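**Q** Quick check, what structure comes out for this input:
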Amino acid sequence: MTEPEHYTLEDFDYNLPEELIAQTPLAKRDTSRLLVLNAETGEMQDKHFYDILDYLQPGDALVMNNSRVLPARLYGTKADTGGHVEVLLLRQDHGDVWETLVKPGKKLHKGQEIVFGDGQLKAVIVDELEHGGRMIEFKYDGIFLEILEQLGEMPLPPYIKEKLADQERYQTVYSKVNGSAAAPTAGLHWTPELLEKVAAKGVKIVELTLHVGLGTFRPVEESDIDKHKMHSEFYQLSAQAARTLNDVREQGGRIIATGTTSIRTLETIGTKFNGHLQADSGWTDIFIKPGYQWQVVDAFITNFHLPKSTLVMLVAAFTGRERILNAYQHAIAERYRFFSFGDAMFVHK
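**A** Okay, here's the model as predicted:
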């Protein structure tokens, strides 16, 4: 087998008209458009998401990430000066200590106390990290997640300028395990009714958990993409889910992932256990890019990703670089909606 060509960051760039960045979700989740791409031939079809039923077959497994987004953006004030502070929760480190991003980073130092919501939540900076990162210990009475639901806002990506009218529209309909700093957005297109039809067709629906960290979206700054270091994210696959997936594979069914987070979880476990799936949990920093040897996933649903992002590279690892960039050019020409609240692709072989 020939060595894959070595790509640079610029190889994954494309020009996107700003008006194609979706600012708000559609009224009905499954009416978004669906670009169906055959990764081997490059053939494309323009459909709607509810047409996904035509591409799932009895005996397949549909895998989805049940992580729920925390309302992780908090606005508070410095206890000593009353100056305004913004805190974004990234991950729970231990107990009530969280890794966070803060603004204004230059003015918030170790020992600083921050007050949120009339004092029902307080925090102290216990350590300073690079790039505006801070370890913060929270102090409160009651249940932290309930206080967060009251005081926190959804941490929408910076390219979305509109306020979100309904916070649940940045959650999948099957979200249940709190812990993500951003939504696994490929799953936003599913409705309970459509999932019922999937199950009725004889497709096994399997859940796993990967808590999306903002590191996934950090820009790649190295021109040589091999030097890029992915941030770690926590994942979990149950024994029952692993058994179901192994059974599907043994009987000739396909494993179809909803979103890059499901892909990264399945491929992390597959890589660890020689292509086999088993109950597992831990932290993954897997970087899937062209040249990657796929272990588990046969097809997947994904949204359209930012230029020069690790997510474009992941999809290119499955389709080849030229094929995915051709598909993106087609989507731009056909005025598809891009990014978190945008349209979807179904990529298969």
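
**Q** Is residue 168 part of a helix or strand, or is it coil?
**A** Assigned by DSSP: H, G, I helix; E, B strand; the rest coil, the conformation of residue 168 is helix.

**Q** Next up, the contacts around it.
**A** Taking Cβ atoms under 8 Å, 6 or more residues apart in numbering, we find residue 168 in contact with no residue. In this view, the C-beta of every residue, glycine as well, is placed from N, C-alpha and C.

**Q** What of residue 140?
**A** For residue 140, the contact set (Cβ under 8 Å, 6+ apart) comprises 96, 120, 121, 122, 147.

**Q** go again using 7 Å as the cut-off
**A** Listed by Cβ atoms under 7 Å, 6 or more residues apart in numbering, the contact partners of residue 140 are 120, 121, 147.

**Q** and the residues you listed, which of them are in helices?
**A** residue 147 (DSSP state H).

**Q** mean confidence for stretch 284-293?
**A** Mean pLDDT, stretch 284-293: 96.

**Q** Then stretch 214-227?
**A** Across stretch 214-227, pLDDT averages out at 84.

**Q** and it, how far from the chain's centre?
**A** 16 Å (Cα atoms, centre = their mean, to the nearest Å).

**Q** Then stretch 22-31?
**A** On Cα atoms, centre = their mean, the centre of stretch 22-31 falls 17 Å from that of its chain.

**Q** buried subset of the contacts of residue 140?
**A** 121, 147 (16 or more other Cβ atoms under 10 Å).

**Q** and of the contacts of residue 140, the nearest to residue 49?
**A** Closest approach between the contacts of residue 140 and residue 49, by Cβ to Cβ: residue 147, at 35.5 Å.

**Q** how does the chain divide into domains?
**A** Annotated domains of the chain cover 9-69+166-348, 73-151 [automatic domain parsing].

**Q** what number of residues lie near residue 252?
**A** When neighbours are defined as other Cβ atoms under 10 Å, residue 252 has 9 of them.

**Q** mind listing the strands for the stretch 51-200 of the chain?
**A** Assigned by DSSP state E, counting those that start in this stretch, the stretch 51-200 of the chain shows strands spanning 61-65, 67-69, 73-78, 84-94, 97-103, 113-116, 121-128, 133-140, 177-180.

**Q** try the stretch 201-349 of the chain
**A** Applying DSSP E, counting those that start in this stretch to the stretch 201-349 of the chain gives strands spanning 204-210, 233-237, 255-258, 280-284, 299-303, 344-348.

**Q** So which of those strands is nearest residue 162?
**A** Residue 162 lies closest to strand 299-303 among the strands of the stretch 201-349 of the chain, at 17.3 Å (Cβ to Cβ).

**Q** Which strands and helices lie in contact with the closest one?
**A** Contact here means 3 or more Cβ pairs under 7 Å, 6 or more residues apart in numbering; DSSP states H and E; on that basis strand 299-303 packs against strand 255-258, helix 259-272, strand 344-348.

**Q** Packed most tightly, which of the ones you listed would that be?
**A** Across the helices and strands packed on strand 299-303, the average number of neighbours (mean count of other Cβ atoms under 10 Å) peaks for strand 255-258, which reaches a mean of 26.

**Q** Show the average pLDDT along that strand.
**A** Mean per-residue pLDDT for strand 255-258: 98.

**Q** Stretch 36-50 too?
**A** Stretch 36-50 shows a mean pLDDT of 98.

**Q** Then stretch 90-106?
**A** The pLDDT scores in stretch 90-106 average 91.

**Q** just how off-centre is that stretch within its chain?
**A** Taking mean C-alpha positions (Cα atoms, centre = their mean), stretch 90-106 and its chain are 20 Å apart.

**Q** shaky segments in the stretch 151-300 of the chain?
**A** Applying pLDDT under 70 to the stretch 151-300 of the chain flags residues 216-217.

**Q** redo that, cut-off 90
**A** By pLDDT under 90, the weakly predicted segments of the stretch 151-300 of the chain are 154-158, 162-165, 167, 181, 213-219, 231.

**Q** ok, back up a step: between the contacts of residue 140, which is nearest residue 299?
**A** Set against residue 299, the nearest of the contacts of residue 140 by Cβ to Cβ is residue 147 (41.1 Å).

**Q** measure that closest one to residue 170 for me?
**A** Applying Cβ to Cβ, to the nearest Å, the value for residue 147 to residue 170 is 20 Å.

**Q** In JSON lines: the strands of the stretch 51-200 of the chain, plus distance to residue 281.
**A** As requested, these are arranged in JSON lines below (distance: least, Cβ to Cβ, whole Å):
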{"stretch": "strand 61-65", "distance to residue 281": "14"}
{"stretch": "strand 67-69", "distance to residue 281": "13"}
{"stretch": "strand 73-78", "distance to residue 281": "27"}
{"stretch": "strand 84-94", "distance to residue 281": "15"}
{"stretch": "strand 97-103", "distance to residue 281": "19"}
{"stretch": "strand 113-116", "distance to residue 281": "31"}
{"stretch": "strand 121-128", "distance to residue 281": "26"}
{"stretch": "strand 133-140", "distance to residue 281": "23"}
{"stretch": "strand 177-180", "distance to residue 281": "12"}
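
**Q** Please name whichever of those strands is nearest to residue 25.
**A** strand 67-69 (13.5 Å).

**Q** Partner strands of that closest one and their direction?
**A** Sheet pairing of strand 67-69 (DSSP bridges) gives strand 177-180 (parallel).
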